[in-house]
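> have a look; sequence and predicted model below, questions after that.
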Amino acid sequence: MNPPDEALQLMWLASPALPIGAFSYSEGLEAAIDQGWVSDAASATQWLLDQLHLSQSRGDMALIAQAIPAWRVMDIERLQALNRWVLATRESAEMRLQTEQMGRSLLDWLRNLERLTPDQQACAQAMPSTYPVIMALALAQTLAPPRTALHSYAFGWAENMTQAALKAVPLGQNAGQRMLARLVKDIPVAVDRAMATQDEQRQNFSPMLAIASAQHETQYSRLFRS
């Protein structure tokens with residue numbers, strides 16, 4: 001069988017049906033709701049916009065933009081350095097658990113579909129799998145330009161976080177669609193920033209998000225793992 005074309009592969013990787021457990025994480029949103037920082041559609045939208053621009057675009061999206069070409073030329077030293085950066089920037093146990101669990105699950109998905117070359121498998125198994133680095137591997141295999149690949153990744157993140165908000169705030173479907181539309185409007189700007197971010201500029205410093213994640217670890221009642 002011929003592999004699906006580039007657009008279909010990117011849609012597949014952005015799909016909430018991808019079996020990597022993304023649906024079980026709210027990335028601090030549930031804790032923000034519990035603290036009263038998020039209480040309705042407007043505040044949930046602003047929380048996610050801040051996360052998109054202050055955390056995702058400057059951190060994981062910037063790293064994915066750099067990891068995609070590294071996977072395509074199998075620059076193992078570069079990939080290992082990027083992977084270490086991901087682990088070092090997870091500021092709570094939940095954040096580290098999420099990146100490692102989703103990374104392992106995505107790697108298993110690639111392996112089960114027989115989409116790993118021996119070199120890719122050896123490189124991935126030689127380091128603790130983190131989600132941004134393994135997602136970069138999956139995106140690199142599509143042969144899509146990094147900018148296009150980042151649009152796919154960002155939309156997948158936005159859709160998952162919108163679904164988390166629908167359950168946790170809670171919100172109706174129409175409010176969720178308006179929230180997603182607002183996030184989609186800002187995705188190109190976030191992608192442009194990620195593409196322009198160099199190593200010395202890349203960061204994942206979001207104190208409020210880290211505090212929310214740490215508080216969530218002992219939250220009395222919760223739906224999500226983060």
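Alright, I've got the coordinates.
> the helix or strand bottoming out on mean pLDDT in the chain: which residues count as buried?
Taking mean pLDDT, DSSP states H and E as the measure, the chain has helix 207-216 as its least confident helix or strand, at a mean of 90. Of all the residues in helix 207-216, those buried under the rule 16 or more other C-beta atoms under 10 Å are 208, 209, 210, 211, 212, 213, 214, 215, 216. C-beta: built from backbone N, CA, C; applies to glycine.
> got any ranges where the protein has weak pLDDT?
Scanning the chain for pLDDT under 70 picks out the ranges 1-4.
> spell out for me which residue occupies the centre of it.
The residue lying closest to the centre of the chain (C-alpha atoms, centre = their mean) is residue 157, at 5.5 Å.
> contacts only, for that one.
Residue 157 makes contacts with 52, 56, as judged by C-beta atoms under 8 Å, 6 or more residues apart in numbering.
> ok, it to residue 48 distance?
9 Å (C-beta to C-beta, to the nearest Å).
> follow-up on the earlier one: Serialize the buried residues of helix 207-216 to TSV and add fields for distance to residue 195.
Formatted as TSV, these follow (distance: C-beta to C-beta, whole Å):
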residue	distance to residue 195
208	26
209	23
210	25
211	29
212	28
213	27
214	31
215	33
216	31
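> for the residues you listed, which one is nearest residue 77?
Distance to residue 77 across the buried residues of helix 207-216 (C-beta to C-beta) is lowest for residue 210, with 28.9 Å.
> list the contacts for that closest one?
28, 91, 92, 95.
> now the first one, nearest residue through space, not along the chain?
Spatial nearest neighbour of residue 28, chain neighbours left out: residue 212 (3.7 Å); criterion: C-beta to C-beta, 6 or more residues apart in numbering.
> surely the one you found meets residue 35?
Yes. With contacts counted by C-beta atoms under 8 Å, residue 212 reaches residue 35, the gap being 7.1 Å.
> what segments of the chain are helices?
6-14, 29-35, 41-50, 60-72, 76-88, 93-112, 118-125, 131-141, 146-168, 173-196, 207-216 (DSSP state H).
> tell me which residues in the second one are buried?
Applying a neighbour-count criterion of 16+ other C-beta under 10 Å, the buried positions in helix 29-35 are 29, 30, 31, 32, 33, 34.
> ok, of those, which one's closest to residue 179?
residue 29 (11.6 Å).
> I figured the closest one hits residue 161, correct?
Yes. Between residue 29 and residue 161 there is a contact at 6.8 Å, judged by C-beta under 8 Å.
> so what sits against both of those two?
In contact with both residue 29 and residue 161: residue 48, using C-beta under 8 Å, 6+ apart.
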